[in-house]
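Q: Turn this into a structure:
(2 chains)
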Amino acid sequence: MIELGVLGLRLALFAAVYATVVSVFGARRRRADLVASGRAAAYIVHGLVVLAAAVLLRALLQHDFSLEYVAAYSSSTLPTYYTVAALWGGQQGSLLFWTLILTSMSSLVHLQNRDRNEALMPYVTATMMTTAVFFLGLLVFITDPFQRLPVPAREGADLNPLLQNYWMMIHPPSLYLGYVGCSVPFAFAIAALASGRLGDVWIRTTRRWTLFAWFFLSVGNMLGGRWAYEVLGWGGYWAWDPVENAAFMPWLACTAFLHSVMIQEKRNMLKMWNMVLVLLTFTLTIFGTFLTRSGVVSSVHSFTQSGLGPYFIGFLTTVIAVSLTLVVIRRPLLRSANEIDSFLSREAAFLFNNLLLVGIAFATFWGTIFPVISEAVRGIKITVGPPFFNKVNAPLGLALLFMTGVGPVIAWRRASARNLRRAFIMPLAIGFAAGLGLFAAGVRHYYALVCFSLAGFVLTTIVLEFYRGTRARQALMGEPPVTALAHLVNKNRRRYGGYIVHIGVVMAFVGIAASAAFRIEEQHSMHPGDSVEVGGYTLTYQGIRNEDTPHTASMLAEITVARGGKVLTTMYPEKRFYKRQQQPTTEIALRTTLWEDLYLVLGSYDDQSGLMTLQVFINPLVVWLWLGGITMVLGTMIVMMPTAAEQRALAAALAVEGRAFA
Amino acid sequence: MRKNRRFIIGAAIIVAAVSYLVYTGIRETSVYYLTIDEFLSKRSAVAGEGVRVAGRVAADSMRWNAGTLDLGFRLANFDNTDGVDVQYNGVLPDMFAEGRDVIVEGTYAREGVFHAKTLMTSCPSKYEAEVPHEAEAPRPAEAPKS
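A: Presented below is the predicted three-dimensional model:
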């Protein structure tokens, strides 16, 4: 069985190399038979990788501890769903899983485009298969998931307890879908450059893929934050750890790209910029994968020196070199037909939004690799932590929030005084009023005040858009308000779905600002029967309780939570000991309301003195971050639904290009 | 052309703002990251500055007061020939124990004590499993690594 997996990977590598070579050759020589052969090979690569992944999954489920991977990342007492998750819980498996997603997407792309984009597709095949060659090469030559142990283990070492959590079941797959999804627009961009067909076709063809990738990157980041919040037990959700930054940077570049393509579609501008952004996004996904596996940047997650670093560097260098060369060669074709007319225009607003997003990505990148740079240049290792990222990114983020309000409603080309008045007077007034009101209410945190004012401003611009659109439909069609609103959104899904995403962004900003600015954190050592007052809650420690399962042993503190003399609930923060790994973990207790989270951590328990240390965090409004994430997801779904108008635009673009190259 | 120039100015302002923020951010928040040996050899030079030091908790050096949450221990080099006393107040991280590798961040005072503001234990990697040190489980990692 195992041999089948090994063989599958080797054949897949061979087929991927073949697909790359014949596709490029076929495109150059206009040999349709070779191109078709390359496409068939790409499907075969997919099939072989599916086979290899199935073999590994089967080995995991059958607890075949003769495999090093199975012995290292699972055990016979591990619940089945975590055993499935072990497929991506370790180095080799995660690379195989990555390849599986990549080749699945490759097959989907080939199916979607079987009758169109004949000029682009050979290069798309070649680009995706080159990426597959890289990952398959790692799996075959460097880090083999099917490595056998000389003597089969009797029992496995188990999955890392921190990963035994339901968020971890869906967070990595989601992030991988996002990461790998970025390779589709990248492949089309490279194909457009290589074939010289730099019209709108590649952008319109990949629009939904880009959204798909962005969707999963967003979900992946949110889930990662939620996982950190529930599992790591330090009261927060984002620590600017290199792993987190690795997922955040491609998201930023992808967000920038999603916005700037609209300028290209509407005004035929920023072609070069879009090209750079899509190449950058893909490069950052590979860089992110590299960061989490190479051990080059030390992190609290303490990556192992796995020796994969040089290969990733090599691949990254190749990607960057090929991309830049192609961009330079095709520079004449990337000239924009139009210029930006005025600062006060949507084009300008989008450009500034882009610069801010890329600026945040750059600052994050710089902070992440700074220790490496300083060591290389000055011979001393200097590191920066969360204060750096917060200090730099908070003002940039607020500027970005402002642009979220400006960009969608300012006029194209040159905003008239009338447009500005109509679009912004009321939102600005409400934003200021919100700020003043909070100031009067005693809020003195500078960043939080600015953030809440901007949130008021942006929300008002969006509400006005919905209101005006609905009113116009009511007047024009004589529809009742709710119908008018539903039709409004349905007829312009891209625009109003985008607004819904923006509402989610505002909610997330509010949650982040409030929980960062007004968080309460206290520690108390208590005997049974002791009470403490924290943030209006009375917390009474009742005692310790022990629980035991074959897999874990737990110690729970019973805490009664009361407010104003009324008992609200009983919470059980827990220390859990994973027997197999001999590792204690913290299981927090959480009480969420729309207003604030009460977050309890059992810090320590001393047997002799009977003293229990309780960590209490009160995170105001933090639930709005997660609700904002859900809103963004819903909005993106609305945007992603295909519309007839969009299909027509793609067909038109294809026709134009067909004529031009006929 | 003039339009373009205006734009370049606008873009330059954002680029300059980002650069300025990054520059001052690094100046104000960066800390030296030293191994315990580097720290021990130049400890007086970095006294009073923010440093992050990676070392090992020396055996039999841990003093923990569960009531006041005061922790004291000796951060030693890996052959345990030299070290520095560390003081910390707060909850013990899950993985903290004598013999563990830890990272402390804080300042070194001239009287010879390191005041740690944060205490981090390196948790087992996500991607490369540690193998358990249990008697009943044979150690798969003793296999030659590919």
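
Q: Would you mind listing the residues in contact with residue 71?
A: Assuming you mean chain A. Counting by C-beta atoms under 8 Å, 6 or more residues apart in numbering or on different chains, residue A:71 touches A:65, A:149, A:152, A:153, A:155, A:156, A:157, B:140. Any C-beta I mention is one placed from the backbone N, CA and C, and that applies to glycine too.

Q: that's the other chain; I wanted chain B
A: Residue B:71 makes contacts with B:62, B:63, B:64, B:65, B:87, B:88, B:89, B:90, B:92, B:119, as judged by C-beta under 8 Å, 6+ apart.

Q: now do 10 Å
A: Neighbouring residues of residue B:71 by C-beta atoms under 10 Å, 6 or more residues apart in numbering or on different chains: B:62-65, B:86-92, B:96, B:116, B:119.

Q: Do you know the pLDDT at the residue nearest the centre of chain B?
A: Nearest residue to the geometric centre of chain B (C-alpha atoms, centre = their mean): residue B:103, 3.4 Å. At residue B:103, the model reports a pLDDT of 86.

Q: Equivalent analysis for residue A:295, please.
A: Note on residue A:295: pLDDT of 57.

Q: same deal with residue B:125?
A: Reading off the model, residue B:125 has pLDDT 40.

Q: now the one 4 residues further on
A: Per-residue confidence (pLDDT) for residue B:129: 39.

Q: Flag the shaky bits of the chain, pLDDT-wise.
A: By default, I'm working from chain A. For chain A, the stretches flagged by pLDDT under 70 are A:294-306, A:658-662.

Q: Correction: the question concerned chain B.
A: Applying pLDDT under 70 to chain B flags the ranges B:1-4, B:122-146.

Q: can you pull out the helices in it?
A: All helices of chain B, identified by DSSP state H, fall at B:2-29, B:36-41.

Q: For residue A:638, which of those helices is the nearest?
A: Shortest distance between residue A:638 and the helices of chain B, using C-beta to C-beta, is found for helix B:2-29: 30.9 Å.

Q: In terms of secondary structure, what does that closest one contact?
A: Helix B:2-29 is packed against helix A:346-378, helix A:386-406, with contacts defined by 3 or more C-beta pairs under 10 Å, 6 or more residues apart in numbering or on different chains; DSSP states H and E.

Q: quick one: residue B:65 from chain A, how far?
A: Applying C-beta to the nearest C-beta, to the nearest Å, the value for residue B:65 to chain A is 9 Å.

Q: Can you spell out which residues form a bridge with that residue?
A: For residue B:65, the beta-bridge partners are residue B:70 (DSSP bridges).

Q: Same question for residue A:148.
A: On the basis of DSSP bridges, residue A:148 is bridged to residue A:67.

Q: In contact with it, which residues?
A: Taking C-beta under 10 Å, 6+ apart, we find residue A:148 in contact with A:2, A:6, A:64, A:66, A:67, A:68, A:69, A:71, B:143.

Q: Do a quick rundown of the strands in chain B.
A: Along chain B, counting by DSSP state E, strands occupy B:31-35, B:50-57, B:63-65, B:70-76, B:83-89, B:101-108, B:113-121.

Q: The second one - contacts with which helices or strands?
A: Which is strand B:50-57. Partner elements for strand B:50-57 (3+ C-beta pairs under 10 Å, 6+ apart): strand A:382-383, strand B:31-35, helix B:36-41, strand B:70-76, strand B:83-89, strand B:101-108, strand B:113-121.

Q: Present these as TSV; the columns should include distance to residue A:40.
A: Formatted as TSV, these follow (distance: least, C-beta to C-beta, whole Å):
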stretch	distance to residue A:40
strand A:382-383	50
strand B:31-35	52
helix B:36-41	57
strand B:70-76	61
strand B:83-89	63
strand B:101-108	52
strand B:113-121	52
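
Q: of all these, which lies closest to residue A:27?
A: Proximity to residue A:27 (C-beta to C-beta) singles out strand A:382-383 among the helices and strands packed on strand B:50-57, at 47.0 Å.

Q: Buried ones in stretch A:537-544, by neighbour count?
A: Residues A:537, A:538, A:539, A:540, A:541, A:544 are the ones in stretch A:537-544 that count as buried (16 or more other C-beta atoms under 10 Å in any protein chain shown).

Q: now check it, is it near chain B?
A: No - contact of stretch A:537-544 with chain B (C-beta under 10 Å from any C-beta of the partner chain) is absent, the minimum separation being 13.1 Å.

Q: Can you show me the CA trace of that stretch as CSV?
A: Output in CSV follows, covering the C-alpha atoms of stretch A:537-544 (Å, rounded to 0.1, in the frame of the first residue of the first chain):
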residue,chain,number,x,y,z
TYR,A,537,-17.9,41.1,38.0
THR,A,538,-17.6,39.3,41.3
LEU,A,539,-15.6,36.1,40.8
THR,A,540,-15.8,33.5,43.5
TYR,A,541,-13.5,30.6,43.6
GLN,A,542,-15.4,27.5,44.7
GLY,A,543,-12.7,24.8,44.4
ILE,A,544,-10.7,22.5,42.2
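
Q: Residue A:257 and chain B: what is the separation?
A: Separation of residue A:257 from chain B (C-beta to the nearest C-beta): 17 Å.

Q: Without its sequence neighbours, what residue ends up closest to that residue?
A: residue A:277 (4.1 Å; C-beta to C-beta, 6 or more residues apart in numbering or on different chains).

Q: Okay then, goodbye and thanks.
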